[in-house]
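A.B. asks: sequence below, structure please.
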Amino acid sequence: MRYTLLVAIPVLCLSLKVHASAVNSLAGNGPPLTGEAAAAADYTKGVSKPDKSARIAAIKAFHDAKPVLASSWNLIYRTAVSDPDPTVKHEAFAVLAQMPAHDNGVAKMLVAAFDGLKPNDIEMRVAYGKAMNASEFKYDVASTLADEVEKMRWPVAPRGYNGRGPTDKQKEDQKKKEQELKDMLEVFNDVAKSDVTAADKETPTKVKKWWDANQLKFQKADMELREKYATADAEAAKAAHDAKK
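C.D. replies: Residues are numbered from 1 along each chain as shown. Predicted coordinates for the structure are as follows:
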């Protein structure tokens, strides 16, 4: 069983503060925006354009600006789940996965976006799964992909009727479903590095068993990573404070 905490609401509040600053500045009611706030304002304007290529360009430009604020990441998340074009959504999702998060907040956003995909759109779920591997925090991502593999089934070989063999379409459907399980297993292993490497009818059960036995290791690794970043952030804040004295 997988548990996913909601993280979008508090981050959204931060996002709205950045957005409000941008609106005030553009309206001439505040000082000109600089740095990440200016990049966020440009991004918000860019992803509002009707042209798909302009929205993708805005996503890439924001990525190049190297945003470090959670409020900025939430802007990207909103594009990843709400843009009307799947290509733009995936571009935003892939950029979100690369953000330098110091906790598992971004990983939970990725999982939420992944869970919002159509259940039967395996091609898109595989593409999103590959993008999630960029997240440094692996537990939520691996847990989600393990669930995905566990829900899939190796297809039964088609049988013909009235003395006829299976149709070409039946054969194609079988190959497609086999490949989908192979692809999802590969995506899972890119993240989890499990010892379940062959795709067959036993794969979902084997992946569940492996994940049940190993998920605590991923939880521990994420916890240690959070603690490492928390210590580094505290030291950086202290150094900045001391430098002002």
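A.B. asks: tell me how this protein divides into domains.
C.D. replies: Taking automatic domain parsing as the criterion, the chain consists of the domains 1-100, 127-159+168-239.
A.B. asks: in TSV, list those domains along with mean neighbour count, mean pLDDT and distance to residue 115.
C.D. replies: Quick note: C-beta positions are derived from backbone N, CA and C, even for glycine. Listed next are the domains of the chain as TSV, based on neighbours: other C-beta atoms under 10 Å; pLDDT from 0 to 100; distance: least, C-beta to C-beta, whole Å:
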stretch	mean neighbour count	mean pLDDT	distance to residue 115
domain 1-100	17	81	8
domain 127-159+168-239	16	96	7
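A.B. asks: name the nearest residue to the spatially most central residue of the chain, sequence neighbours excluded.
C.D. replies: Nearest to the mean C-alpha position of the chain, by C-alpha atoms, centre = their mean, lies residue 110 at 2.7 Å. In space, and not counting its chain neighbours, residue 110 is closest to residue 132: 5.0 Å by C-beta to C-beta, 6 or more residues apart in numbering.
A.B. asks: and that neighbour, what is it in contact with?
C.D. replies: Residues in contact with residue 132 (C-beta atoms under 8 Å, 6 or more residues apart in numbering) are 97, 107, 110, 111, 114, 141, 144, 145, 191.
A.B. asks: just the residues you listed: which are in helices?
C.D. replies: Mapping the contacts of residue 132 onto helices (DSSP state H) picks out 97, 107, 110, 111, 114, 141, 144, 145, 191.
A.B. asks: quick one: the last one and residue 139 touch, right?
C.D. replies: Right, residue 191. No. Counting by C-beta atoms under 8 Å, residue 191 does not reach residue 139; the two are 9.8 Å apart.
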